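> Fold the following for me, if possible:
(chains A and B)
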Amino acid sequence: MSILVDGSTTFIIQGITGREAVNMTRECLDYGSKVVGGVTPGRGGRDVYGVPVYDTVREITSQMHVDGAVLAVPPAFVRDAALEALDNGIKLLVIVTERIPRGEVAQVLEYARLQGARVIGPNCLGIISPGKSKMGGIGGPAEDTRKAYRPGPVGVMSRSGGMTTEISNALTAAGLGESTAISIGGDAIIGSTYAELMPLFEADPETKAIVIYSEPGGPMEAQLAEYVQRNGSRLPVVAFMAGRFMDAMPGMRFGHAGTIVEGRQDTAAEKIRRLTEAGISVAEEISDIPKLVKERLGEVA
Amino acid sequence: MRFYEFEAKKLLARHRVPLPGGGTAETPADTRRLAQELGGPVVLKSQVLTGGRMKAGGVRFADSPREAEREAAAILALEIGGQMPRCLLVESKAAVRREYYAGVTYDALAKLPVIIFSDMGGIDIEEVAREHPEHVAKVHFSTLLPVSDYKAKELVRSLGVGGGELTALTTIVTRLARAFVEYDLTLAEINPLGQLEDGSFVALDCHIDMEDEARERHAAVLEKLGISKDEPRQARPPTDFELRGAQVDAVDHRGVAGRVVEFDGDLGLVIGAGGGSLTIFDAIRKHGGRPANYCEIGGNPSVRKAAELTKLILSKPGVDKIAVLMNVVSNTRVDIVARGVVKGVVESGFDPAEKIAIFRIPGAWEEEGFKILRKYGVEYCDRGVSMSEAARRAVEKTKASV
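From the prediction side, this is the model:
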């Protein structure tokens, strides 16, 4: 098992003819993902590595059921593309685009909630269920993706796309592997937070532990800590906190848009304290993560 | 991007939020003229992009134009939080009967904007929320419909405010929320929102932050406020090195080589991207290294961009070596970065084998990248060596050569 995507998941790519999206299409197809169509207005009738391109989402959804959409359109077109996908019944949106103002992100997420749809991102690399499918650029070319990701018991959630792969690679090298790895996005407001994805991992029998990559800024780590404490989660959680140096430099912007520290409670030090208090193991180094996961798995068994 | 108070007030004036009479002055003589025009006692406020002005002596009062001139000279010479004032805001000083607080921001968990209101204004709202939670009320509002007055009305009413005060405050809070939405703000705060002796309300002080990503779409308004496109508005003014870093990013549209921040150390960093840079910077410091800079390179930059960034970093006095470190990359080609960095080192007149302490970028096209590095005798490693271990090796090498 896995969460959100598996071998049968069908999806489309909006903005499929863009330079990066063309590469992503190739990588997904090579990995075995079911990319059933692409959309770029004015480019209908062409194809990208054999994937038919349409002018509208409806031309695809009127022919077949589509599970998801990857949005790889420029920031100014994301809201429109998201509403088009949602209005045509697509229930899983992965928004790759970065630099979308918060007001528009909030609009998309509010509308998605009304439609009962889930959003991953924005500013993310997507989702991978190793050996089954990947939805987005996560892991890069299929050959590289196979080096970093293997099927296994660990659910990974990360605010950094690149670090999703770095951490998964460390788990894979240690013989662990991942059930599903999700690049949740680096923005201040994202479609799915750690705590919001936890129930999905809880319900997945293959997932036995969780690893998260976190950063300063925002209330998401505190929300996860509270979730774990309140629900007595069956899944041990291991966290890695980057950006500890930022605590000494308030107001300066480093890393993702979401890392801006607005109060004492969103510093790295305070988050580490809060996560630890909730029984979450905080790794000092990426290379310590597999060992901590194994220890915690032993604890559970 | 943070606004100066005088800019924030101009923006709110566009939404008809009531403000005290006043204007800006750049010299003591200007201040005196303005105080004369306003008549009566005035308040003089240093225009800096930081809090704590009152404590630092950046806000002063004057009863006469002559006194205003004298106080202005003192404030204009006063550095606050590392910043010299942009100018002075000179306003009529009115007798205030009561102080309220009104603010709008995003709630990242509800994923909606939230209005916060308090009948205890003039102090830090987080402190009020902690010490007197019964004096703070909050309400979320939808981003799909225009902001409705009733949201503000319910909010203000929930703290027991009624009568003419309720209707006046409802109008101001609604206008603040509308300005928040219209200008893509991330914070719009009036504190204190003062009620004067005659019962009317004015925004005595305010704090506004606009989303960096939205600056372009509001270019026309920003131009009217006198905010240029290139003004970075960070917590401290950019250094010359940082400005040159921004130019490197602009050499072409491929990839990013952004967020160059200058530090004092001897180890130059070519690192990427968002999360990877944070992780590597921590690791360098943990192993006792002294970074010369922070940066984020990624998104498949061109050879030229990587070379220019390398040259910039090597041009910084005191930089002994550079470390090229990234997490396992998904959409950046290792060979392109390798070629760019080597090119930058050679063009700076150095030997890559000596100047590049270590190269650790695993991922797409790594074999081609490693081939280039072998040719130049550069130490490199693949995913078998952790980011932290690679950082440690770079620090050791830099220490050994000093």
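> low-confidence ranges in chain A?
Residues of chain A meeting the criterion pLDDT under 70: A:299-301.
> What separation do you get for the residue lying closest to residue B:197 once chain neighbours are set aside and residue B:61?
Leaving out its chain neighbours, the residue that sits closest to residue B:197 by C-beta to C-beta, 6 or more residues apart in numbering or on different chains is residue B:95, at 4.8 Å. For glycine as for every other residue, the C-beta is placed from the backbone atoms N, C-alpha and C. Distance from residue B:95 to residue B:61, counting by C-beta to C-beta, to the nearest Å: 12 Å.
> So if I had to pick from these two, which one is more boxed in?
Between residue B:95 and residue B:61, residue B:61 has the larger neighbour count (other C-beta atoms under 10 Å in any protein chain shown), namely 12 against 9.
> which neighbours does the helix or strand harbouring the more buried one have in its sheet, and in what orientation?
For residue B:61, the host element (DSSP states H and E) is strand B:59-62. According to DSSP bridges, strand B:59-62 forms sheet pairs with strand B:42-46 (antiparallel).
> Let me see the mean pLDDT of the strand it pairs with.
The pLDDT scores in strand B:42-46 average 97.
> residues making contact with it?
With contacts defined as C-beta atoms under 8 Å, 6 or more residues apart in numbering or on different chains, strand B:42-46 is touched by B:5, B:22, B:31, B:34-35, B:53, B:56, B:58-62, B:68, B:71-72, B:75-76, B:78, B:80, B:85, B:88-93, B:205.
> which helices and strands does the helix or strand hosting residue A:78 pack with?
Secondary structure assignment for residue A:78, by DSSP H and E: helix A:78-87. If contacts are counted by 3 or more C-beta pairs under 8 Å, 6 or more residues apart in numbering or on different chains; DSSP states H and E, helix A:78-87 sits against strand A:10-14, strand A:68-71, strand A:92-95, helix A:102-114.
> swap the cut-off to 6 Å and go again
Counting contacts by 3 or more C-beta pairs under 6 Å, 6 or more residues apart in numbering or on different chains; DSSP states H and E, helix A:78-87 is packed against strand A:68-71, helix A:102-114.
> for those, which one ends up most surrounded?
Comparing the helices and strands packed on helix A:78-87 by mean neighbour count (mean count of other C-beta atoms under 10 Å in any protein chain shown), strand A:68-71 ranks first with a mean of 29.
> partners of that one in the sheet?
strand A:10-14 (parallel), strand A:92-95 (parallel).
> I'd like these laid out as TSV, including mean neighbour count.
Shown next, in TSV, are the strands paired with strand A:68-71 (neighbours: other C-beta atoms under 10 Å in any protein chain shown):
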stretch	mean neighbour count
strand A:10-14	26
strand A:92-95	28
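> Need those in JSON lines (columns: distance to residue B:161).
Listed next are the strands paired with strand A:68-71 as JSON lines, based on distance: least, C-beta to C-beta, whole Å:
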{"stretch": "strand A:10-14", "distance to residue B:161": "47"}
{"stretch": "strand A:92-95", "distance to residue B:161": "41"}
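> Now do the strands in the stretch 201-301 of chain A.
Secondary structure of the stretch 201-301 of chain A, counting by DSSP state E, counting those that start in this stretch: strands at A:209-214, A:237-241, A:281-283.
> pLDDT weak spots in the stretch 301-402 of chain B?
Ranges of the stretch 301-402 of chain B meeting pLDDT under 70: B:402.
> can you list the residues of it near chain A?
B:327-328, B:330-331, B:363-364, B:383, B:386, B:388 (C-beta under 6 Å from any C-beta of the partner chain).
> same thing with chain B?
B:106, B:108-109, B:111, B:143-144, B:184, B:211, B:213-214, B:235, B:273-276, B:278-279, B:281-282, B:285, B:327-328, B:330-331, B:363-364, B:383, B:386, B:388.
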